[in-house]
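Novice: Turn this into a model:
(chains A and B)
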There are 2 protein chains.
Amino acid sequence: MYQPLFNHINRFVTLSEEEEKILASALQSFSVKKKAFLLAQGQTCKANYFVVKGCLRLYFIDVKGVAQTTQFAIENWWISDLTSFLFQKPSTFFIQAVETTEVIAIAHQDYEKLFEQLPKLEKYFRLIFQKLHQASQQRIMFLYSFSAEERYRHFNGLFPEFVQRIPQYMLASYLGFTPEFLSKIRAKR
Amino acid sequence: MYQPLFNHINRFVTLSEEEEKILASALQSFSVKKKAFLLAQGQTCKANYFVVKGCLRLYFIDVKGVAQTTQFAIENWWISDLTSFLFQKPSTFFIQAVETTEVIAIAHQDYEKLFEQLPKLEKYFRLIFQKLHQASQQRIMFLYSFSAEERYRHFNGLFPEFVQRIPQYMLASYLGFTPEFLSKIRAKR
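Specialist: Now for the predicted structure:
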């Protein structure tokens, strides 16, 4: 049930069978229907989520009332509103399933405890957060440093299958332009 | 010389004297003059930088030719362009000293090796990157979810001394508005 997560962790550190059992006791696995929410604004983010299959997105509603998507998580990525998750306070974000998604969750009450029981996870999550922060630095820079069309071409070049897979209005939100603008760019090709 | 960093690390994990010596052998300590650069666009980010005293900022030049500040690092914060640092490729960012700044650096060639020698650092940097990513998620949300005036009031409420300390055009850039707009808000008070 948790094998996809074990496989991902074992790319970076090696867990023994015993350690996998300890980890399993802190995990939950479930399915989220397309368009359903794991977190809504005002709720507290209960867990850090690992995507086994499917796609989740993190977004918030901006000052103009428009949804701004700041992160997607597909297979082998983690997602959460860290401020709400770490400090257990109400979130300003939504986490929604873009497709029906299989998820493995670590609940807040188990999170810090797990590092005491399994110090090997420190390395794994150091690498995960390092990657997340690196991706986040890049995204902000892209949003401001390239024209909308350049952003689309670049992202489409890097992740052509992903661009086909997600609804276009979500992609437009992630790349910082309107769905109408995206239609125009695509029509030009 | 490296005591401020040891003190910071020891808030989260406990290094022995022997471990501090191993760490010290991978560190460099130096001073950066106000307005000098640790990294410029096109260069490769050589190190991850810890601020002992002073202030650094990470920024890039946007599509309109305007400097966009995405991160400040004051005492006890780490800063780098992670993409350039981790993959040793040319950066699209600048790292500049806002004030004359004392820095401790871990060079790229020592970085991954250090985790093998001192596994305790995994926890420390897991917490550092967790914090950096959390702060980054919050900043993006604030930039889009609040009016310019609300952003200024909120930031000034959280970090009043910092707001006094840095040049106003850098603060304006970090909060996503023009220096002229910032003057207007301040004049209203």
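Novice: just so I have it, where are all the strands in chain A?
Specialist: A:27-32, A:37-39, A:47-53, A:56-61, A:67-73, A:78-79, A:94-97, A:101-107 (DSSP state E).
Novice: would you turn those strands into JSON lines with mean pLDDT?
Specialist: Shown next, in JSON lines, are the strands of chain A (pLDDT from 0 to 100):
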{"stretch": "strand A:27-32", "mean pLDDT": "97"}
{"stretch": "strand A:37-39", "mean pLDDT": "98"}
{"stretch": "strand A:47-53", "mean pLDDT": "98"}
{"stretch": "strand A:56-61", "mean pLDDT": "96"}
{"stretch": "strand A:67-73", "mean pLDDT": "94"}
{"stretch": "strand A:78-79", "mean pLDDT": "98"}
{"stretch": "strand A:94-97", "mean pLDDT": "98"}
{"stretch": "strand A:101-107", "mean pLDDT": "98"}
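Novice: And those strands: which comes nearest A:Ser145?
Specialist: strand A:67-73 (17.0 Å; Cβ to Cβ). Placement of C-beta: from N, CA and C, glycine included.
Novice: Pretty sure A:Arg165 sits against A:Phe72.
Specialist: No - between A:Arg165 and A:Phe72 there is no contact under Cβ atoms under 8 Å: 9.8 Å.
Novice: Overlap in contacts, the two.
Specialist: A:Cys55 (Cβ atoms under 8 Å, 6 or more residues apart in numbering or on different chains).
Novice: Who has more neighbours out of these two?
Specialist: A:Phe72 (21 against 14; other Cβ atoms under 10 Å in any protein chain shown).
Novice: Contacts only, for the residue nearest to the more buried one when sequence neighbours are not counted.
Specialist: Nearest residue to A:Phe72 in three dimensions, chain neighbours excluded: A:Arg57, at 5.2 Å (Cβ to Cβ, 6 or more residues apart in numbering or on different chains). Shown in contact with A:Arg57 (Cβ under 8 Å, 6+ apart): A:69, A:71-73, A:95-96, A:98, A:170, A:174.
Novice: which one among these gets closest to A:Ser29?
Specialist: Relative to A:Ser29, and with distances defined as Cβ to Cβ, the nearest of the contacts of A:Arg57 is A:Ala73, at 15.6 Å.
Novice: Now stretch A:71-85: buried residues?
Specialist: Neighbour-count burial for stretch A:71-85, counted by 16 or more other Cβ atoms under 10 Å in any protein chain shown, picks out A:71-74, A:77-85.
Novice: of all these, which two lie farthest apart?
Specialist: So, the buried residues of stretch A:71-85 by Cβ to Cβ: farthest apart are A:Ile74 and A:Thr83, at 22.9 Å.
Novice: tell me which of the contacts of A:Arg57 is nearest to B:Ser31?
Specialist: Taking these together and measuring to B:Ser31 by Cβ to Cβ, the closest member is A:Gln71, at 37.3 Å.
Novice: Once you drop chain neighbours, what's closest to that closest one?
Specialist: Per Cβ to Cβ, 6+ apart, closest to A:Gln71 is A:Leu58, 4.2 Å.
Novice: tell me which parts of chain A are close to chain B?
Specialist: A:58, A:60-63, A:68, A:70, A:81-83, A:86, A:92-93, A:115, A:119, A:122-123, A:125-126, A:129-130, A:132-134, A:136-138, A:140-141, A:144-147 (Cβ under 8 Å from any Cβ of the partner chain).
Novice: Of those residues, which count as buried by neighbour count?
Specialist: A:58, A:60-61, A:68, A:70, A:81-83, A:86, A:92-93, A:115, A:122-123, A:125-126, A:129-130, A:132-134, A:136-137, A:140-141, A:144-146.
Novice: can you pull out the helices in chain A?
Specialist: For chain A, the helices defined by DSSP state H occupy A:3-9, A:17-24, A:82-87, A:108-117, A:120-145, A:148-158, A:160-165, A:168-175, A:179-188.
Novice: which outside residues touch the second one?
Specialist: So that's helix A:17-24. Residues contacting helix A:17-24 (Cβ under 8 Å, 6+ apart): A:1-2, A:6, A:9, A:15, A:114, A:117-118, A:120-121.
Novice: Would you mark the buried spots in the worst-scoring helix or strand of chain A on mean pLDDT?
Specialist: Least confident helix or strand of chain A, by mean pLDDT, DSSP states H and E, is helix A:179-188 with a mean of 83. Of the residues in helix A:179-188, A:182, A:185 count as buried by neighbour count, 16+ other Cβ under 10 Å.
Novice: and the angle for that helix with helix A:168-175?
Specialist: Angle, helix A:179-188 to helix A:168-175, by axes from the mean of the first three to the mean of the last three Cα atoms, to 10 degrees: 100 degrees.
Novice: any residues touching helix A:179-188, and which ones?
Specialist: A:148-149, A:152, A:168-169, A:171-172, A:175.
Novice: try stretch A:130-145
Specialist: A:70-71, A:78, A:151, A:154, A:175-176, B:58, B:60-63, B:68, B:70, B:81-83, B:86, B:92-93, B:125, B:129, B:132-133, B:136-137, B:140.
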